[in-house]
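*Asks:* Sequence first, then the predicted structure, then my questions.
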Amino acid sequence: MSTARVRMAPSPTGYFHVGSARTALFNWLFARQRGGTFVLRIEDTDALRNRAEHTEGIERAMQWLGLDWDEGPYFQSERGALYEAAIEQLLDQDLVYACDCTPDLVAQRNKAVGRPPGYDGFCRDRHLGPGPGRLLRFRTPATGTTSWKDIIRGEVVYENASIEDFSVRKSNGQPLFILANVVDDGDMAITHVVRGEDHVPNTPKHLLLWEALGLGPPPVFAHLPLLVNESRQKLSKRRDKVALEDYRDEGYLPEAMVNYLALLGWSPGGDREVLSRQEMIDEFRLEDVKSSPAFFDQQKLSSVNAAYLRSLSPGELAERAGQWLNTRWAPLAPLVQERARTLAEIYGMVDFLYLPDVKIDQADWVKVRRQQPAFAALLEAAEAGFAGCEWDATGIRDATLAAGATVGVSALGKAQAPVRLAVTGRTVGPPLFESLALLGRRRTIVRLAAARDRAVREDQAQGPQGR
């Protein structure tokens, strides 16, 4: 069995998706099984969308799952010289050309003559040199095929004529994902690329670039099945709960999550569902992964998690529960200590940190709605402000003040009352801005949106006279 070098290459543009966690796990299992190397590479070439907190979130999520990496993290933002050298090589070989046409113009031209959308025959022959406002496209061969034997999907063949002249460098000089990916895989001697099936269309481009750059034998590819919801639709962050951090914060055990993720597309055989980590390492086989979509069943995950909880001794359970609670609310301890009379009251003040959905006190809801006629508008303004503010107590406070000002509420106390109610479910509690900083930007905005939607529905049902 040959030694493998695999990589996990997430982009720090959002929260760590459960699909990314499954991909990381399968790479990790493959490497550990073969005594290989698991590389963590952060694909941060998209400077406009990258966030430092998302990079930290990736590392924390993988550490929580126990997926230790052997090399890295490497950052593409620090490897620009390698990409520039590859571009120069492609230019010297006339394998790329400059293009100053808009994508819409290219598509219109090619539609008229039946060419692939991205093939730019006009710019191919203009002999433009690289320069500001000009991207670089790869000269995809007009004939022949590009194929590979996928460990999971078998033989996959693409007609070269169906592949567009894809971009390798943006008009601002920034390397694109496909170029950076290929250069890094070659430089890091990656032997197996294990990733989601949404990358299948990128693979022929990957292989064409690999050959053009003379990188030797290409890696072996394995494209994992999509994760879908109960409606058999691809998991979406807009519709489904997909952030790994949410499951961690709700108290799922990392070993249970790892166990469940391993079962998404693969099974050990028989009726077994609860496996130790060593059993997974010993028995996992990429070639046994199914190509059909895998259903991410939250009820099944809960069942697996319950089995792990039941396996703990009473002492272990108490310790694990205590660790979970303390790591979430500890920063608020100095702020609630003087307000609480019992430990139960402390939990009552901070339970909004743990609950997946906030339960709003009905009496408080009626009271605040009556006191603040612009309730829904204020929450909408807060959503917008919170999306871009610095996520600390000061930044949140300033954004709340600004949201109040947009609806004519200048007093901070009056501006923050609807926000507190929407996010914590009540009108009293620990200092609001420190609490929201701890809760997190995404969960805060989701709760604001839910309360705003509820208020709008009520207003519409009551009509102008009711309001």
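*Replies:* Nice, I can see it. Residues are numbered from 1 along each chain as shown.
*Asks:* Strands along this protein, start to end?
*Replies:* 5-8, 37-42, 71-75, 96-99, 135-138, 145-150, 154-159, 167-169, 192-196, 220-224, 227-228, 294-295 (DSSP state E).
*Asks:* which residues touch the closest residue to residue 265 other than its chain neighbours?
*Replies:* Spatial nearest neighbour of residue 265, chain neighbours left out: residue 294 (4.4 Å); criterion: CB to CB, 6 or more residues apart in numbering. All C-beta atoms are positioned from the backbone trio N, CA, C, and that covers glycine. Neighbour list for residue 294: 225-228, 264-265 [criterion: CB atoms under 8 Å, 6 or more residues apart in numbering].
*Asks:* Same question for residue 16.
*Replies:* For residue 16, the contacting residues are 10, 57-58, 61-62, 243-245, by CB under 8 Å, 6+ apart.
*Asks:* can you check residue 70 too?
*Replies:* The contact partners of residue 70, by CB under 8 Å, 6+ apart, come to 31, 37-39.
*Asks:* By neighbour count, which of those residues wins?
*Replies:* Counting neighbours by other CB atoms under 10 Å, the top entry in the contacts of residue 70 is residue 31, with 25 neighbours.
*Asks:* Contacts only, for the nearest residue in space to that one that is not next to it in sequence.
*Replies:* Leaving aside its chain neighbours, residue 31 sits nearest to residue 38 (4.1 Å; criterion: CB to CB, 6+ apart). The contact partners of residue 38, taken as CB under 8 Å, 6+ apart, are 6-8, 27-28, 31-32, 67-71.
*Asks:* Quickly list what residue 38 is bridged to.
*Replies:* Beta-bridge partners recorded for residue 38 (DSSP bridges): residue 6.
*Asks:* Distance-wise, check it relative to residue 283.
*Replies:* Distance of residue 38 to residue 283, given as CB to CB, to the nearest Å: 18 Å.
*Asks:* Kindly report the same for residue 173.
*Replies:* Separation of residue 173 from residue 283 (CB to CB) stands at 48 Å.
*Asks:* Could you do residue 393 as well?
*Replies:* Separation of residue 393 from residue 283 (CB to CB): 48 Å.
*Asks:* got it, and residue 400?
*Replies:* Distance of residue 400 to residue 283, computed by CB to CB: 52 Å.
*Asks:* you'd agree residue 186 is up against residue 213?
*Replies:* Yes - if you go by CB atoms under 8 Å, residue 186 and residue 213 touch, sitting 6.8 Å apart.
*Asks:* Quick check: the gap between residue 103 and residue 91.
*Replies:* Counting by CB to CB - residue 103 and residue 91 are separated by 22 Å.
*Asks:* and these two? which has more neighbours close in?
*Replies:* Between residue 103 and residue 91, counted using other CB under 10 Å, residue 91 has the larger neighbour count: 16 against 13.
*Asks:* Leaving out the residues flanking it, which one is nearest to that one?
*Replies:* Spatial nearest neighbour of residue 91, chain neighbours left out: residue 130 (7.0 Å); criterion: CB to CB, 6+ apart.
*Asks:* Next: residue 380.
*Replies:* residue 452 (5.6 Å).
*Asks:* Residue 229 is in contact with residue 237, isn't it?
*Replies:* No - with contact defined as CB under 8 Å, residue 229 and residue 237 do not form a contacting pair (11.7 Å).
*Asks:* Identify the residues contacting residue 147.
*Replies:* Residue 147 makes contact with 155-158, 204, according to CB under 8 Å, 6+ apart.
*Asks:* Could you rerun that using 10 Å?
*Replies:* 155-159, 203-204, 207 (CB atoms under 10 Å, 6 or more residues apart in numbering).
*Asks:* Check the residue nearest to residue 380 and give its pLDDT.
*Replies:* In this model, residue 452 is scored at 95, pLDDT.
*Asks:* burial of it, as a residue count?
*Replies:* Counted with other CB under 10 Å, residue 452 comes out at 21.
*Asks:* what number of residues lie near the closest residue to residue 268 other than its chain neighbours?
*Replies:* Of all residues not flanking residue 268 in the chain, residue 283 sits nearest, at 4.9 Å (CB to CB, 6+ apart). Around residue 283 there are 17 other residues, counting by other CB under 10 Å.
*Asks:* Now for residue 283: which residues touch it?
*Replies:* 29, 33, 262, 266-269, 272, 275.
*Asks:* Residue 169 too?
*Replies:* For residue 169, counting by CB under 10 Å, 6+ apart, the contacting residues are 83-84, 86-87, 90-91, 96, 98, 130, 134-138, 175-176, 179-180.
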